[in-house]
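Chemist: Here is my input, please return the structure:
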Amino acid sequence: MSVEPEVSGPDEGVLDLLRLTMVPGVGPKTCRALLDRFGSPGRVLDAPESGVRDVPGVGPRLAGLIARARREVDAEGELDLCRRTGVRVVARGSDGYPPPLGDIPDPPALIYVRGAIEPADQLAIALVGSRKCTPYGLRIAEKLAGSLARVGLTVVSGLARGIDAAAHRGALAAGGRTIAVLANGLSEVYPPEHEGLAREVAGSGALVAESPMRQGPLAGLFPQRNRVISGLSLGVVVVEATPRSGSLSTAKHAMDQNREVFAVPGPVDSLPSRGCHHLIRDGARLVETVDDILEELGPLVREVKSRPEEPAVRHVAELSLSDQERSILGRLDDRPVSIDELIAGGKLTTSQVMATLSVLEMRRLVRRLPGPRFVRA
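Modeler: So this is what the prediction gives:
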């Protein structure tokens, strides 16, 4: 049974927010400045033109466009197109808005979503790279994406040719979740040859954009899109990038957003790997396998439930645990628990419990106290 898409928002001002964000020249920073000044999209649209001009970044021309937005911007038509094409509009502050994205310095006021963004997608890694990549880059991107998906991480990328497409395909082949962030509107797929891939991504994750539905791909929108890719993720992995690659802007956004940055090395004489080598030289974590990524990521800012029936994940390393290790960890919290309690409450032998606790302690997921007793680190 199909479910009609709906608009998610914190109040009845979603149409006004659509009108505001559809005004040419109102980008994320200007939109936030306007909302900070006037308090709501409706008040921005109803404000006198002279008052709007006082907001930093708003000149006379843009102030005039905002003043005429209620008459000239067809937000109802935009919303109707969303409904007809299975797209939801999700406003910042609503339940469906990804929490990590809301924490970045310049979050989108709203996003368009085809597919579904789930709570588990807060455990995501972006994997990006060059469009003009080598067979080595494609192979590593698919392999890494598959490994990330198999341990339970969502793979985020940009649906571009080359490394991005390989990342999405690797995650899908492993049966995992993946999110594609587009620079253009969701009424069409760019590049057009990835239309089939986009359908698969929407079926196992989501297509996301902040541009209006009919917005075409423009060069200036791609760097802006890249901050959303990193904003949805715990960290960014760059597989191949020339020194002037747009993927390096995603890494720069990640640094500005306090995300981890990773890079895959390549041959020393390979131009597509030179940007990665520069990142490693400047402090990015060198990546050979998925373990390098899991080891580098520290405790999560917020606990995340991968599945409703499972305990919350506090550290990304928990995703790679065996069932036995997960079982023991799930019975620990901030209250000290003795080994006897762990043995009595489960089906494992004393040696199995001791061995499992040793592994969890080495991974810094549990802490040993005198007794001996254990707590979840």
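
Chemist: From now on I want contacts and neighbour counts done on CA atoms only, so please keep to that.
Modeler: Will do.

Chemist: residue boundaries of the strands in the stretch 151-300 of the chain?
Modeler: Along the stretch 151-300 of the chain, counting by DSSP state E, counting those that start in this stretch, strands occupy 154-157, 178-181, 205-209, 235-238, 260-263, 285-286, 299-304.

Chemist: between these, which one is nearest to residue 85?
Modeler: strand 205-209 (12.3 Å; C-alpha to C-alpha).

Chemist: how about JSON lines for the strands of the stretch 151-300 of the chain, with distance to residue 279 and mean pLDDT added?
Modeler: Converted to JSON lines, the strands of the stretch 151-300 of the chain look like this (distance: least, C-alpha to C-alpha, whole Å; pLDDT from 0 to 100):
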{"stretch": "strand 154-157", "distance to residue 279": "19", "mean pLDDT": "98"}
{"stretch": "strand 178-181", "distance to residue 279": "23", "mean pLDDT": "98"}
{"stretch": "strand 205-209", "distance to residue 279": "27", "mean pLDDT": "98"}
{"stretch": "strand 235-238", "distance to residue 279": "9", "mean pLDDT": "98"}
{"stretch": "strand 260-263", "distance to residue 279": "7", "mean pLDDT": "98"}
{"stretch": "strand 285-286", "distance to residue 279": "8", "mean pLDDT": "98"}
{"stretch": "strand 299-304", "distance to residue 279": "23", "mean pLDDT": "78"}
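
Chemist: Could you export these as TSV, including distance to residue 70 and mean neighbour count?
Modeler: Output for the strands of the stretch 151-300 of the chain, formatted as TSV (distance: least, C-alpha to C-alpha, whole Å; neighbours: other C-alpha atoms under 10 Å):
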stretch	distance to residue 70	mean neighbour count
strand 154-157	35	30
strand 178-181	29	29
strand 205-209	23	26
strand 235-238	39	29
strand 260-263	42	26
strand 285-286	49	19
strand 299-304	39	14
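
Chemist: I'd like those laid out as TSV, including distance to residue 228.
Modeler: Shown next, in TSV, are the strands of the stretch 151-300 of the chain (distance: least, C-alpha to C-alpha, whole Å):
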stretch	distance to residue 228
strand 154-157	10
strand 178-181	7
strand 205-209	9
strand 235-238	11
strand 260-263	15
strand 285-286	21
strand 299-304	18
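
Chemist: Count the neighbours of the nearest residue to residue 294 once chain neighbours are set aside for me.
Modeler: Spatial nearest neighbour of residue 294, chain neighbours left out: residue 317 (5.4 Å); criterion: C-alpha to C-alpha, 6 or more residues apart in numbering. With neighbours defined by other C-alpha atoms under 10 Å, the count for residue 317 comes to 21.

Chemist: same check, this time on residue 54
Modeler: As a burial measure, residue 54 scores 14 neighbours (other C-alpha under 10 Å).

Chemist: tell me the pLDDT at it?
Modeler: On pLDDT, residue 54 comes in at 91.

Chemist: now swap in the one 4 residues further on and tell me
Modeler: The predicted local confidence for residue 58 comes out at a pLDDT of 93.

Chemist: who touches it in this structure?
Modeler: 30, 52 (C-alpha atoms under 8 Å, 6 or more residues apart in numbering).

Chemist: picking that back up, and the strands of the stretch 151-300 of the chain: which comes nearest residue 112?
Modeler: strand 205-209 (5.2 Å).

Chemist: Okay, now the unreliable bits of the stretch 201-350 of the chain?
Modeler: Applying pLDDT under 70 to the stretch 201-350 of the chain picks out residues 306-311, 345.

Chemist: switch the cut-off to 90
Modeler: 220, 244, 295, 297-335, 337-350 (pLDDT under 90).
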